[in-house]
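J.: Can you look at this prediction? I've put the sequence above it.
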Amino acid sequence: MANIRKNFDSYKVQCTGSRRDLPLASISCYEGATWVGLLEFWADPARVREPFVWNERIVLSYTLDRFGDIVDILRNEKPLELYLNPSGKWGSLLTKEAEPVGEGEPVGG
């Protein structure tokens with residue numbers, strides 16, 4: 001199966017409160033009005049799944065401790081895309097273009 005790329009330009013965040021076996025947070029990714037991907041976050045690392053395609057959407061699973069890092073990328077970077085390598089069973093959230101080093105970063109931390 002060929003690698004899959006899905007551009008997206010907006011997102012919705014959901015934080016779930018439940019005793020059921022659900023991700024504790026998820027982020028739905030959209031290209032315009034079209035839902036193209038889902039990022040899910042689990043408290044238990046054993047629940048993290050291999051990336052897959054569900055109804056033409058890329059689904060990527062992460063541990064809950066990655067949630068802040070992912071939200072930071074969504075807030076500060078663009079353009080973004082979801083990428084899935086089905087044969088290698090891995091996927092990524094990534095920037096689509098190279099950025100200059102230090103762009104927008106405070107000097108001296």
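T.: Looks like it arrived, so ask away.
J.: Please count neighbours and contacts with C-alpha atoms only from this point.
T.: Fine.
J.: mind checking the SS state of residue 41?
T.: strand (DSSP: H, G, I helix; E, B strand; the rest coil).
J.: residues of the helix or strand that contains residue 73 that come out buried?
T.: Per DSSP states H and E: residue 73 is located in helix 67-76. For helix 67-76, the neighbour count (16 or more other CA atoms under 10 Å) marks 67, 74 as buried.
J.: by how many degrees do the next helix or strand after it and helix 67-76 diverge?
T.: Per DSSP H and E, the first helix or strand lying C-terminal to helix 67-76 is strand 80-85. In terms of direction (axes from the mean of the first three to the mean of the last three CA atoms, to 10 degrees), strand 80-85 departs from helix 67-76 by 130 degrees.
J.: Can you tell me the centre-most residue of the protein?
T.: Among the residues of the chain, the one closest to the centroid is residue 39, at 4.3 Å (CA atoms, centre = their mean).
J.: residue contacts, that one?
T.: Residues near residue 39 by CA atoms under 8 Å, 6 or more residues apart in numbering: 26, 27, 28, 29, 59, 60, 61, 62.
J.: rerun at 6 Å
T.: 26, 27, 59, 60, 61 (CA atoms under 6 Å, 6 or more residues apart in numbering).
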